[in-house]
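# can't give you the sequence, but here's the structure:
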């Protein structure tokens, strides 16, 4: 019997959604096979280019592949196309919008770039596909929810929904903060304006017309917390639900700025990719408070978890501080865990990270009005393995990854950490092949001053981001497959070692799972390029975890625990990381964490 698997973060319908832009609302009914099949991203003409960069688009987690790989629980994250992606420049951007990335429908890029649509409507369009998938008689998919009265028996694939980026519920036209996408007063106006199909989907009808009994505040279309609250109630009426909200994504959202995001995009060039601001705004704090106090249409408490991924370091620190305030006001909130859905680790404490700054590399860059400080950190070594070639391993010190303080906050909240399958996040480096020319990332000038108050920004050298084209468009091509699972294992080992040193948690591996980010712009592990190959990843964890632990402890100190366990017990621990830990977490969520 095949083993079952769990994934805390993936995008099974995202490519399918971007393959055809439909004007009808709701989207025309599709067949199961139409939604379930993988999307071929290249053709024979592009095979040569495939090895260079299109493979980044080919990490797949389509529904049929999830079923084939025996993925039993999948947290499907809805993230819509941001303006920075649609308006970006550079070689990869041109490929993304060209025939080489067929069958992506370029209408999406044009609609977003020209401001003809809101992020909210895009989110509803993708959400509608999940609803169709759930309601198909022949579907092998369940959409799990706390808002189902008589819980139906789980099917072969059980999807839990989440939102990646709070821009998803912004009703303002993209690029136009003065215009709301659609809030007509009467249902008939929707039919005329949006080309509504004859049989109106109740989710669309309720959300678009805001036909609940709640009074509308004058500024509700500009209030993200109220938008989110009303959206969730309508979602609950349709017996759907959300596990978590990733407060930010990869770009600065002008229309709805809630928090400073962590820099995480070197493949595309656009001002919005560079961090802005100084932590979480008051609007962002209001959204977090709403997540903790969220109630469905029946008034039942349904908290939405906050995901640490993509939050800038200062934003994460702001969140932990604000969470303490919320817990003081309502001790029941202590049962609400923190998660990090698809991450790696820096290997550092916050102070160690600050001390690892390469002071001479700091430069202030300006690019079309965006101003950010480029920084580079000395990487922390994980350990050594193998021959004299490619035998050094180090963590990725970018602040998008977890500091030790992040790890302790998440684990002490009884939370869950999903380890990304993106080798760049994990810290993989190659001695040969095309590489990233440096390890620099970017902080907003305000965040830089917060973390490094001893360094005056105005005294730093300045430059224009156009001068960094060659670096932004360089590529990392791994050269040795064995190094991929070891990089993954080192990230797991560091979390375990931090927990054993800094918390009272006896079995920290029970708080770790997979957060693949399949169908995102990732460079996946060679041993697990698609969701169908999670069994291969499991076999590699069994093979390499103990090896990684011994190498880590030799390099950094600590205590060997996994390498001293019998093989059967090690396999049980790996089985937990691959499935049981996630399943238990979803069981707790369905029980509303006992609140």
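Looks like it came in fine. Every value quoted in this text rests on a predicted model; they were computed, and no experiment measured them. Numbering: from 1, shown residues only.

# Am I right that residue 548 is in a helix?
Yes: per DSSP: H, G, I helix; E, B strand; the rest coil, residue 548 lies within a helix segment.

# Let me know whether residue 346 touches residue 403 as I believe.
Yes: look at residue 346 against residue 403 with Cβ atoms under 8 Å: they come within range, at 5.7 Å. Backbone N, C-alpha and C define where each C-beta goes, glycine included.

# Return the helix or strand in this structure with minimum mean pLDDT.
When each helix and strand of the chain is scored by mean pLDDT, DSSP states H and E, helix 469-472 comes last, with a mean of 42.

# who does residue 416 bridge with?
Taking DSSP bridges as the rule, residue 416 bridges to residue 339.

# how deep is it tucked in, by neighbour count?
Number of residues near residue 416 (other Cβ atoms under 10 Å) recorded here: 28.

# And residue 254, by the same measure?
For residue 254, the neighbour count with other Cβ under 10 Å is 16.

# can you check residue 369 too?
The number of residues near residue 369, taken as other Cβ under 10 Å, comes to 6.

# With residue 282 instead?
Counted by other Cβ under 10 Å, the residues lying close to residue 282 total 8.

# ok, back up a step: what do residue 346 and residue 403 both touch?
residue 353 (Cβ atoms under 8 Å, 6 or more residues apart in numbering).

# Which one of these two is surrounded by more residues?
The residue with more neighbours, out of residue 346 and residue 403, is residue 346; 27 against 24, by other Cβ under 10 Å.

# so what's the more buried one up against?
353, 377, 380, 395-399, 401-403.

# just to confirm, which helix or strand has residue 347 in it?
Assigned by DSSP states H and E, residue 347 belongs to no helix or strand.

# who touches it in this structure?
379-380, 382, 394-395, 397, 494.

# How about the contacts made by residue 518?
Residues in contact with residue 518 (Cβ under 8 Å, 6+ apart) are 7, 10-12, 59-61, 421, 524, 530-531.

# Roughly how far does it sit from residue 21?
23 Å (Cβ to Cβ, to the nearest Å).

# so how many other residues sit close to residue 448?
Residue 448: 24 neighbours (other Cβ under 10 Å).

# Now do it, the pLDDT please.
In this model, residue 448 is scored at 96, pLDDT.

# Counting neighbours, what do you get for residue 503?
Neighbours around residue 503, by other Cβ under 10 Å: 15.

# and it, what pLDDT?
Reported pLDDT for residue 503: 97.

# I'd say it and residue 408 touch.
Yes: contact criterion Cβ under 8 Å: residue 503 and residue 408 qualify, at 5.6 Å.

# Including neighbour count, pLDDT and secondary structure, could the contacts of residue 347 go into JSON lines?
Below are the contacts of residue 347 laid out as JSON lines (neighbours: other Cβ atoms under 10 Å; pLDDT from 0 to 100; DSSP: H, G, I helix; E, B strand; the rest coil):
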{"residue": "379", "neighbour count": "19", "pLDDT": "95", "secondary structure": "coil"}
{"residue": "380", "neighbour count": "20", "pLDDT": "96", "secondary structure": "coil"}
{"residue": "382", "neighbour count": "26", "pLDDT": "94", "secondary structure": "strand"}
{"residue": "394", "neighbour count": "19", "pLDDT": "93", "secondary structure": "strand"}
{"residue": "395", "neighbour count": "24", "pLDDT": "95", "secondary structure": "coil"}
{"residue": "397", "neighbour count": "24", "pLDDT": "96", "secondary structure": "coil"}
{"residue": "494", "neighbour count": "25", "pLDDT": "98", "secondary structure": "helix"}
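
# CSV for those, including distance to residue 129?
Listed next are the contacts of residue 347 as CSV, based on distance: Cβ to Cβ, whole Å:
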residue, distance to residue 129
379, 41
380, 42
382, 40
394, 40
395, 37
397, 38
494, 37
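
# Between those, which sits nearest residue 74?
Proximity of these to residue 74 (Cβ to Cβ) peaks at residue 494, which lies at 26.0 Å.

# Find the residue closest to the closest one in space, skipping its chain neighbours.
Leaving out its chain neighbours, the residue that sits closest to residue 494 by Cβ to Cβ, 6 or more residues apart in numbering is residue 345, at 5.0 Å.

# how about that neighbour, what does it touch?
395, 401-402, 407, 491, 494-495.

# if you set the cut-off to 10 Å instead, what comes out?
Residues near residue 345 by Cβ atoms under 10 Å, 6 or more residues apart in numbering: 380, 382, 395-397, 401-404, 406-407, 417, 419, 425-427, 490-495, 498.

# Is residue 411 within a helix or a strand, and which one?
helix 404-412.

# What about residue 591, how many residues nearby?
Residue 591, neighbours per other Cβ under 10 Å, totals 10.

# Let the chain start at 36 from now.
Okay, residue one is now 36; in that scheme the one you just asked about reads as residue 626.

# Per-residue confidence, it, what does it come out as?
Model confidence at residue 626 (pLDDT) stands at 96.

# Identify the residues contacting it.
residue 181.

# Give me the three-state assignment for the nearest residue to residue 43 once chain neighbours are set aside.
Residue nearest to residue 43 in three dimensions, not counting chain neighbours: residue 453, with 3.4 Å by Cβ to Cβ, 6+ apart. Secondary structure for residue 453, judged by three-state DSSP, is strand.

# if I look at residue 453, how far off is residue 553?
Look at residue 453 and residue 553: by Cβ to Cβ, they are 12 Å apart.

# go on, residue 37?
Distance from residue 37 to residue 553, counting by Cβ to Cβ: 19 Å.

# go on, residue 397?
35 Å.

# With residue 321 as the reference, measure out to the residue nearest to residue 529.
Note on residue 380: its distance to residue 321, by Cβ to Cβ, is 30 Å.

# Which strands and helices lie in contact with the helix holding residue 446?
helix 348-364, strand 374-378, helix 385-390, strand 451-454, helix 518-537 (3 or more Cβ pairs under 10 Å, 6 or more residues apart in numbering; DSSP states H and E).

# what does the next helix or strand after the third one contact?
Reading on from helix 385-390 to the C-terminus, the next helix or strand found by DSSP H and E is strand 398-402. Among residues not part of strand 398-402, those counted as contacts by Cβ under 10 Å, 6+ apart are 304-306, 308-309, 406-411, 475, 477, 480, 483, 492-503.

# so what strands line up beside strand 398-402?
strand 405-410 (antiparallel), strand 497-499 (parallel).

# Pull out the buried residues from it.
Neighbour-count burial for strand 398-402 flags 398-400, 402 (criterion: 16 or more other Cβ atoms under 10 Å).

# same question, stretch 183-200
Buried-residue list, stretch 183-200, by 16+ other Cβ under 10 Å: 190, 192-200.

# Next: stretch 416-431.
Applying 16+ other Cβ under 10 Å to stretch 416-431 flags 416-418, 420, 425, 427-431 as buried.

# and if you look at stretch 139-159?
139, 141, 143-144, 146-148, 150, 152-159.

# which one among these gets closest to residue 269?
Using Cβ to Cβ, the buried residues of stretch 139-159 come closest to residue 269 at residue 159, 9.9 Å.

# Work out for me the element that closest one sits within.
Going by DSSP H and E, residue 159 is in helix 154-170.

# What of residue 147?
helix 141-148.

# Can you tell me what sits against that helix?
52-58, 115-123, 128, 131-134, 140, 151-154, 156-157, 160, 209-210.

# Neighbouring strands of the helix or strand hosting residue 110 in the sheet, and parallel or not?
Here residue 110 is covered by strand 106-113, with elements defined by DSSP H and E. Paired with strand 106-113 in the same sheet, following DSSP bridges, are strand 40-45 (parallel), strand 192-199 (parallel).

# Let me have the ones you listed in TSV, adding mean pLDDT and distance to residue 266 as columns.
Output for the strands paired with strand 106-113, formatted as TSV (pLDDT from 0 to 100; distance: least, Cβ to Cβ, whole Å):
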stretch	mean pLDDT	distance to residue 266
strand 40-45	98	21
strand 192-199	97	9
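
# Make JSON lines from these and add distance to residue 176 to it.
JSON lines is the format used below for the strands paired with strand 106-113 (distance: least, Cβ to Cβ, whole Å):
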{"stretch": "strand 40-45", "distance to residue 176": "14"}
{"stretch": "strand 192-199", "distance to residue 176": "5"}
